[in-house]
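K.L.:
Please work out how this folds:
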Amino acid sequence: MSDIFALLAKNAEMLKQRLYAVFAPPPNIKTSDWAQQNLYLSKEEGPEPGLYSCKDVPWQAEVMDALDGIEVDTLVIMAASQVGKTTIQKAITGKRIDIDPCPILNVQATELMAKEYSNTRLAPMLRDCPVFKNKLIRDDTYVKGFVGGYVAMAWSQSPATLASRSIALANGDEIDRWPVSSGNEGDPLEIMKARTANYPNAKHVFASSPTTKDGRIFVEFEHTDQRHFHVRCPDCEHEHEMNFIEQLRMVDNNPDTAMLACPSCGSLYGDAALPRMVKAGRFIAKHLERKRKRGYTISRLMTPNWTKLGKLAEQYNKAKDKPELLQVFINTQLGWVYEDKQGQISTAAALAARRENYDHNRLPASVLFLTAGVDTQDDRLEIEVLGHGLNEDTWGVQYLVIYGDPSAPTVWQELDRILLGGYATADGRNLRIAATCVDSGGHHVQRVYEFCNKRNKRNVWAVKGRYGPSPIWPVRISRSKKYQGFHLRMIGVDTIKDTLSARLRTAEGQAGYCHFPYTYDELEDEKLVYFNQLTAERRVVEWDKKGRQIHTWKCDKHKRNEALDCRAYAWAAYVGLVQEKRLNVEQLAQMQQFALFEGDPLTSGQNQTNEVEPAPAPGQNKPAAPPRAKPPSQGRRRVSQSSYVRR
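P.N.:
From the prediction side, this is the model:
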């Protein structure tokens, strides 16, 4: 009987310990102290395995401790690569598993990255840290269970893994690599945040190398107290941020001589002084009033024991004149966002200021041929006619808006009259539009295909934008199975806009200069509607479903971009003539007899009929084709300049 009582007493004691472990308040210990006592770095993680220490990088302690207590609920880490970001995240997770167990969600960009993090980061930590011995009660790749909680792995592309649990600690890693939407369910970051709603003291960790100012990590950082690391000059003791690009000094551009200059006194310091300066450095918050959200920026300069100025200077020299390499350097070495000046179209005011004294009734003699771009909207068509010359110079000729329902034939008949119109040049030539690209990406695909297919001999082409890195003009023309085999050309709109962005910033006299007539925005000089639409988009960085970085163009909210789209389609028509029709612009310019033609030699032999007609009523014969269309007169009001371009 005494044995039974002894066994019951033992079991009761074990139950008491288990209940105490679950319900007792967590010990009051800083995360950084817990890490230096319990966190062992594994051999798989780097060249210095063993018990973690922050003696060489004391600034890591402040970042680790940011979520201790109840005042701060969000930690944002915008960091360069290989600066201890993962170690900080592991310390926060490890302490919670050990002394304050709870449901934890770790979200990576892709399933492959989630699996890799679990196998190479989380599993080795649980294996090599003695404090976790015998605590694991479930050990799957995607779920590590322990008494009182678990660590679940998820990935941003899977709404099911994001939304299936209520969690107390949300850890989002490399959030700038996450897609815009998780499946069809919206922003994965917002989905993850929603999982913490049932925990009033929930904590959030968002960490990533940055990309651009539109990236998630910078947006989150902007809402924090924004802490930047400062050091003191060894000579004048001026406290300042380390700005590598502005402070870098080299002798004859030799990376081996790289030093940083104090922004106050100008004295130079290098690898010998940096470790002492970093150890004595500190974070300074820009917005102390923001108590709940802590944000830190971390660069490679803050790990001087592993980062040498000469190496950084060498990388910078290779990247400084190449935007793609420079972005990688700024993001991954300096831990800061990249501002792509080449991805910013010139301002509306700057473009309007270069308008010239010509119009569509008398084009400059340098214009060799014309193309057009047509943007389809639900209640109108918008068209730009674009002139082309040598060296890929362009001239805006005419911008028109046809109001009406694109599902009805009327607007298409009006468009056909415009495309058949003639344009006189100063040297007496009469140009017609040599090629036209019509947007088929809207709600009127059938009408677009019908219109374009009947005018294929006139180089009137249905196009649809392909986003991301794609050639401007397709190698192969696709046929639509859904729409009776009509021809469709998939054009690289992001690549076109990269080109247009560069051309709109080109100075006069250089190849590719863009000319504009005085009639553009003449009626509304103050509003500059056309030019604001032409400059409405910016190039941004996104990540595809495989976690790869891509550049794409986005229109700012509440702005219209029809003028830019029309210009893009007109440029695509130019590329189509060169690549598909083998147009040689230089040879065209050399044809001195070219002015003897009544029409443009590019279009003089084209079929000028085939207007879209309404379907005849049952039992009626289809009406005869109308006579050759004429350009619309100045008095027609169905064709409008949309009040910002005078015809």
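K.L.:
So what sits opposite the residue nearest the centre of the chain in the bridge?
P.N.:
Most central residue of the chain, judged by C-alpha distance to the mean C-alpha position with Cα atoms, centre = their mean, is Val541 at 2.1 Å. Legend: beta-bridge partners of Val541 under DSSP bridges are His551.
K.L.:
Let me see the contact set for it.
P.N.:
Val541 makes contact with 176, 211-212, 214-215, 327, 549-551 under the criterion Cβ atoms under 8 Å, 6 or more residues apart in numbering. Using the backbone N, CA and C atoms, a C-beta is placed for each residue, glycine as well.
K.L.:
Next: Asp405.
P.N.:
Residues counted as contacts of Asp405 (Cβ under 8 Å, 6+ apart) are 379, 411.
K.L.:
Now do the phi/psi pair for it.
P.N.:
Asp405 has phi and psi values of phi -80, psi 110 when expressed as degrees, to the nearest 10.
K.L.:
Tell me how far it lies from Thr307.
P.N.:
For Asp405, the distance to Thr307 equals 63 Å [Cβ to Cβ, to the nearest Å].
K.L.:
Check Phe244 too.
P.N.:
Taking Cβ to Cβ as the measure, Phe244 and Thr307 are separated by 10 Å.
K.L.:
got it, and Trp461?
P.N.:
Distance from Trp461 to Thr307, counting by Cβ to Cβ: 53 Å.
K.L.:
and Leu528, what is it in contact with?
P.N.:
Taking Cβ under 8 Å, 6+ apart as the definition, contacts of Leu528 comprise 348-349, 352, 521.
K.L.:
Spatially, which residue comes closest to it, not counting chain neighbours?
P.N.:
In this structure, Leu528 finds its nearest non-sequential neighbour in Ala348, 4.7 Å apart by Cβ to Cβ, 6 or more residues apart in numbering.
K.L.:
contacting residues for Glu356?
P.N.:
With contacts defined as Cβ under 8 Å, 6+ apart, Glu356 is in contact with 515-518.
K.L.:
What segments of the stretch 501-647 of the chain are helices?
P.N.:
529-534, 562-579, 585-590 (DSSP state H, counting those that start in this stretch).
K.L.:
In a strand, Arg138, correct?
P.N.:
Yes. Assessed by DSSP: H, G, I helix; E, B strand; the rest coil, Arg138 belongs to a strand.
K.L.:
Helix, strand, or coil at Val231?
P.N.:
Reduced to three states with three-state DSSP, the structure at Val231 is strand.
K.L.:
burial of it, as a residue count?
P.N.:
Counted with other Cβ atoms under 10 Å, the neighbours of Val231 add up to 24.
K.L.:
How about it: which residues does it bridge to?
P.N.:
Residues in beta-bridge contact with Val231 (DSSP bridges): His240.
K.L.:
Show me the shaky parts of the stretch 351-500 of the chain.
P.N.:
Of all residues in the stretch 351-500 of the chain, those with pLDDT under 70 make up the ranges 478-485.
K.L.:
That one: helices as residue ranges?
P.N.:
Under the criterion DSSP H, counting those that start in this stretch, the stretch 351-500 of the chain carries helices at the ranges 410-419, 445-453, 493-504.
K.L.:
so how far is stretch 198-210 from its chain's centroid?
P.N.:
The chain centre lies 23 Å from the centre of stretch 198-210; the measure is Cα atoms, centre = their mean, to the nearest Å.
K.L.:
buried residues in it?
P.N.:
Within stretch 198-210, the residues that qualify as buried by neighbour count (16 or more other Cβ atoms under 10 Å) are 202-210.
K.L.:
domains for this protein, by residue range?
P.N.:
Structural domains assigned to the chain are 31-334, 349-520+566-590, following the TED database.
K.L.:
Switch those domains over to a markdown table; also include distance to Gln533.
P.N.:
Listed next are the domains of the chain as a markdown table, based on distance: least, Cβ to Cβ, whole Å:
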| stretch | distance to Gln533 |
| --- | --- |
| domain 31-334 | 20 |
| domain 349-520+566-590 | 9 |
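K.L.:
ok, back up a step: out of the contacts of Leu528, which end up buried?
P.N.:
Of the members of the contacts of Leu528, the ones counted as buried by neighbours, 16+ other Cβ under 10 Å, are 348, 352, 521.
K.L.:
Go ahead and confirm the second one touches Pro517.
P.N.:
Put plainly, it is Ala352. No. Ala352 lies out of contact with Pro517 (Cβ atoms under 8 Å); the separation is 11.4 Å.
K.L.:
can you map out the strands along the stretch 301-450 of the chain?
P.N.:
Per DSSP state E, counting those that start in this stretch, the stretch 301-450 of the chain carries strands over the ranges 369-377, 380-388, 394-403, 423-424, 430-431, 433-439.
K.L.:
follow-up on the earlier one: so which of the buried residues of stretch 198-210 belong to helices?
P.N.:
The helices in this structure, assigned by DSSP state H, contain none of those.
K.L.:
Please identify which of the helices of the stretch 501-647 of the chain is closest to Arg121.
P.N.:
Evaluated with Cβ to Cβ, these place helix 562-579 nearest to Arg121, the distance being 44.1 Å.
K.L.:
circling back to that earlier point, comparing Trp461 and Thr307, which residue is more hemmed in?
P.N.:
Higher neighbour count among Trp461 and Thr307: Trp461, with 25 against 18, using other Cβ under 10 Å.
K.L.:
Correct me if wrong: Met125 contacts Ala35.
P.N.:
No. Between Met125 and Ala35 no contact is recorded; they are 10.8 Å apart, counting by Cβ under 8 Å.
K.L.:
The two - which one has more neighbours?
P.N.:
When neighbours are counted by other Cβ under 10 Å, Met125 and Ala35 differ, and Ala35 comes out ahead with 27 against 21.
K.L.:
Give me the nearest residue to that one, chain neighbours excluded.
P.N.:
Ala91 (4.0 Å).
K.L.:
For the one you found, give me the pLDDT.
P.N.:
We have a pLDDT of 97 for Ala91.
K.L.:
Look at it and give its secondary structure.
P.N.:
When states are read from three-state DSSP, the local structure at Ala91 comes out as helix.
K.L.:
Could you report the separation of it from Leu15?
P.N.:
Taking Cβ to Cβ as the measure, Ala91 and Leu15 are separated by 31 Å.
K.L.:
Those two: who's more crowded?
P.N.:
The neighbour comparison of Ala91 against Leu15 (other Cβ under 10 Å) goes to Ala91, with 26 against 10.
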